[in-house]
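S.K.: please work out how this folds:
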Amino acid sequence: MPAVDYHGHTTLITGASAGLGAEFARQLAARGSDLVLVARRRDRLEKLATELRGQHRIQVHVVEMDLATDHPGQALAAQVDQLGLHVTSLINNAGFATFGPFHQADPDRLR
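M.R.: Below you'll find the predicted structure:
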């Protein structure tokens, strides 16, 4: 099966400064997607952005943000709007995991 072509798409990736987030960025860049990279460490994001721009000739936007703050979704959406971008895909790679049925999860832990 051929790889999906993401030319003309913009993918926002949280937790993009290292590990799986950086690898998601590399894989999508190789398929032509423009990227919005979000994480706390601007230096790592900028290094990755430079790498991907050079190798794949795509647009890469860097957003330094700690998503563990109040209302991070609203703040991130505002920054994306300021950049004038239309995000077509999201890889929400930042955060932590719990396990078990969602309806049984502790609301304070999820917050």
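S.K.: using the three-state scheme, assign the residue nearest the centre of the chain.
M.R.: Nearest residue to the geometric centre of the chain (C-alpha atoms, centre = their mean): I13, 1.1 Å. Three-state call for I13 (DSSP: H, G, I helix; E, B strand; the rest coil): strand.
S.K.: tell me what it is bridged to.
M.R.: Beta-bridge partners for I13, by DSSP bridges, are L37, I91.
S.K.: so, low pLDDT: which residues of this structure?
M.R.: The chain contains residues with pLDDT under 70 at 1, 96-97, 110-111.
S.K.: chain neighbours aside, what residue packs nearest to A30?
M.R.: Leaving aside its sequence neighbours, A30 sits nearest to H56 (C-beta to C-beta, 6 or more residues apart in numbering; 6.2 Å). Backbone N, C-alpha and C define where each C-beta goes, glycine included.
S.K.: got it, and L28?
M.R.: T11 (5.1 Å).
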